[in-house]
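Student: Just a sequence and a predicted model for now, questions to come.
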Amino acid sequence: MDDQTEEEEAGARGGGERIARWADGRLGPLSLIRAKARRVFPDHWSFLLGEICLYSFVVIVVTGVYLTFYFHPSLNEVEYKGTYTPLQGQTVSEAFDSTMRLSFEVRGGLLIRQAHHWAAVVFIGAMLVHMLRVFFTGAFRKPREVQWLFGFLLLVLGMFGGLTGYDLPDDLLSGTGLAVVNGTILSLPIAGTYLSMFLFGGEFPGDDLVARFNTIHVLIIPAIMIALLVAHLVLLFHHRHTQYPGPGRTNGNVVGPPPKVRAVKSTGLFFLVAGVILAMAALVQINPIWLYGPYRVDQVSAGSQPDWYMGVADGLLRVMPGWEIALWGNTLALDNLIPLVAGAGLFLAMGAYPFLEAWATGDGRDQHLLDRPRNRPVRTALGVAWITFYLVSLVGAANDIIATRFHVSVESVTWTVRIGLIVAPPAAYAVAKRCALGLQRADRDKVLHGRETGVVKRLPDGEFIEVHAPVDPAELHLLTQHEQYTPLAAGAGRARRLRVLFSRALYGEGSQVPKPTAQEYREIANDHPRRTQPR
């Protein structure tokens, strides 16, 4: 009787639920989802950066699928007969012709094309800022090192996806950029020539360039990125989300709104991100290939600028002196090789840092509470120095535009950038470290002496003092909850000495201000009872 009742209820619910029950009984997805759905997510505005990355990537995929229906990835030459009058009758490639037709003759084509481009710019920008947030707060620590690597690879793949994407229309701007890419590849010793021949299908620009880039841009890079995104989200659910320190927040719990509330907010953010991208596509022009014209190997577009995320590489190339050396009858083009190594080293340092810090710290515990950047002065200073190097390189990528707009010589701008690349990062490191140490001292004084009230009091003996109010328990917890590491002890072996040296640089003398102990707090309170007053 009971079995019959269950069958009747299942039949009344419909076929959809029967299929779900059948799948859950054999694969267990509903049980897994129910178990993970009970987890809450902390609520902080900086966590939205990761969601912006995800939702802008969704816009990239949706608009990219639409564009593939109209784009022809071929370098076969045809006569342009479209609606854009200045180019009518010119010989162009099928790739350029189909992009022009998509922009001017397909209904909504230009909107979708520009939305695709803007979404890529937003995705890479959000990824970079998200990575910096993770870096400065220490969210990369155990057990999230693999998640950091996934995010790092997503950033790099997004940059190469953008590079291969804006090279597809075969316009003069993209061709100029590809000539620079080809020169950089050729500067690689031994393998450079072979890589260039393989990538372009012959001598630059080759005949298979667009077809090969289209395969890389449409199939290979998106497939890898989707796999990394899925793996990143799976690990996020497995390890749970990090949270900022505060009252009631420990390394063993998560404080945040219920999953349903978080899901509603996240859905609203998706529509907001998609709406902003579409508004940008409708109102702000990007990559107008009709102004550049088709690519010609004997022409270079004036004022050519890559998208901002590739500007660091272009800036390093522009400011590098034209150095060349001859070795064993071969010419080594240092003016291309050194910027390539410097740019690659800049990003590899970002990817490797979590493992270097874990190696120097020797802490094998899981960390779920985030750091305040001021409590890790050296790490914060290294991040600021990295950003400074990146920004100075971006300035170098616009040396011709800056010279034109401000009526100065290109050489002056170039030399300024060269000096800035050497001087600015160490200066930024020193300033950021001193600022973090100053904030630590301010926190220490606030814990020991209370917060300033602005009230001046005269004592019976004539002394004037400023009255301080005790710090409330919530703020006191925030100011003292962080853990301060001590440098590793010296040991034998070259690897051990190097590890100790790095550990002292991170946590040694002059790298952090000791936080007040409980005994110091009690002694100060007993010595200066008249200098504080209750709230």
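Tutor: That came through, no problem. Numbering: from 1, shown residues only.

Student: Any figure for the gap between residue 374 and residue 301?
Tutor: In this view, residue 374 and residue 301 are 46 Å apart by C-beta to C-beta, to the nearest Å. For the C-beta atoms, the positions are set from N, CA and C on the backbone; glycine is no exception.

Student: Identify all contacting residues around stretch 58-71.
Tutor: 95, 98-99, 101-102, 106, 109, 112-113, 115-116, 119-120, 123, 168, 214, 218, 222, 226, 270, 273-274, 277 (C-beta atoms under 8 Å, 6 or more residues apart in numbering).

Student: from the residues you listed, which ones fall inside strands?
Tutor: With DSSP state E as the criterion, strands contain none of the contacts of stretch 58-71.

Student: Filter these down to the buried ones.
Tutor: The neighbour-count test (16 or more other C-beta atoms under 10 Å) marks 95, 98-99, 101-102, 106, 109, 112-113, 115-116, 119-120, 123, 168, 214, 218, 222, 270, 273-274, 277 as buried among the contacts of stretch 58-71.

Student: give me the element the nearest residue to residue 399 once chain neighbours are set aside is part of.
Tutor: Closest residue to residue 399 apart from its sequence neighbours, by C-beta to C-beta, 6 or more residues apart in numbering: residue 413 at 4.3 Å. According to DSSP states H and E, residue 413 maps onto helix 410-449.

Student: In that helix, which residues are buried?
Tutor: Buried, per 16+ other C-beta under 10 Å, within helix 410-449: 413-414, 416-417, 420-421, 424-425, 428-429, 432-433, 435-437, 439-440, 443-444, 446-449.

Student: Now do that helix: which elements does it pack against?
Tutor: helix 311-319, helix 377-397, helix 399-406, helix 473-480, helix 518-527 (3 or more C-beta pairs under 8 Å, 6 or more residues apart in numbering; DSSP states H and E).

Student: the inter-axis angle of the second one versus helix 410-449?
Tutor: In this case it means helix 377-397. 160 degrees (axes from the mean of the first three to the mean of the last three C-alpha atoms, to 10 degrees).

Student: CA atoms only for helix 377-397, dumped as CSV, please.
Tutor: In CSV, the C-alpha atoms belonging to helix 377-397 read as follows (Å, rounded to 0.1, in the frame of the first residue of the first chain):
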residue,chain,number,x,y,z
PRO,A,377,54.0,44.9,4.8
VAL,A,378,56.5,43.1,2.6
ARG,A,379,53.9,41.2,0.6
THR,A,380,51.9,44.5,0.2
ALA,A,381,55.0,46.3,-0.9
LEU,A,382,55.9,43.6,-3.4
GLY,A,383,52.4,43.9,-4.9
VAL,A,384,52.6,47.7,-5.2
ALA,A,385,56.0,47.4,-6.9
TRP,A,386,54.5,44.9,-9.3
ILE,A,387,51.6,47.2,-10.2
THR,A,388,54.0,50.1,-10.6
PHE,A,389,56.2,48.2,-13.0
TYR,A,390,53.0,47.3,-15.0
LEU,A,391,51.7,50.9,-15.1
VAL,A,392,55.1,52.4,-16.2
SER,A,393,55.2,49.8,-19.0
LEU,A,394,51.7,50.9,-20.0
VAL,A,395,52.9,54.4,-20.2
GLY,A,396,55.7,53.3,-22.5
ALA,A,397,53.2,51.7,-24.9
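
Student: Run through this protein and note the low-pLDDT ranges.
Tutor: 1-17, 20-38, 302-303, 525-535 (pLDDT under 70).

Student: I'd like to know how far the residue most central in space within it sits from residue 190.
Tutor: Of all residues in the chain, the one closest to the mean position by C-alpha atoms, centre = their mean is residue 128, 1.7 Å from it. Using C-beta to C-beta, residue 128 is found at 33 Å from residue 190.

Student: Residue 220 now?
Tutor: 25 Å.

Student: Of these two, give the one with the bigger neighbour count.
Tutor: residue 220 (14 against 7; other C-beta atoms under 10 Å).

Student: How much space separates that one from residue 214?
Tutor: 10 Å.

Student: got it, and residue 76?
Tutor: If you go by C-beta to C-beta, the gap between residue 76 and residue 214 works out to 14 Å.

Student: same question, residue 270
Tutor: 28 Å.

Student: tell me the contacts of residue 204?
Tutor: Residue 204 touches 178, 179, 182, 196, counting by C-beta under 8 Å, 6+ apart.

Student: Which of the contacts of stretch 58-71 fall in helices?
Tutor: With helices taken from DSSP state H, the overlap with the contacts of stretch 58-71 comprises 95, 98-99, 101-102, 109, 112-113, 115-116, 119-120, 123, 214, 222, 226, 270, 273-274, 277.

Student: For stretch 254-262, which residues meet the burial criterion?
Tutor: Buried, per 16+ other C-beta under 10 Å, within stretch 254-262: 256, 262.

Student: repeat for stretch 371-387
Tutor: 371-386.

Student: closest to residue 484 among these?
Tutor: Closest to residue 484 out of these is residue 375 (7.8 Å), distances taken as C-beta to C-beta.
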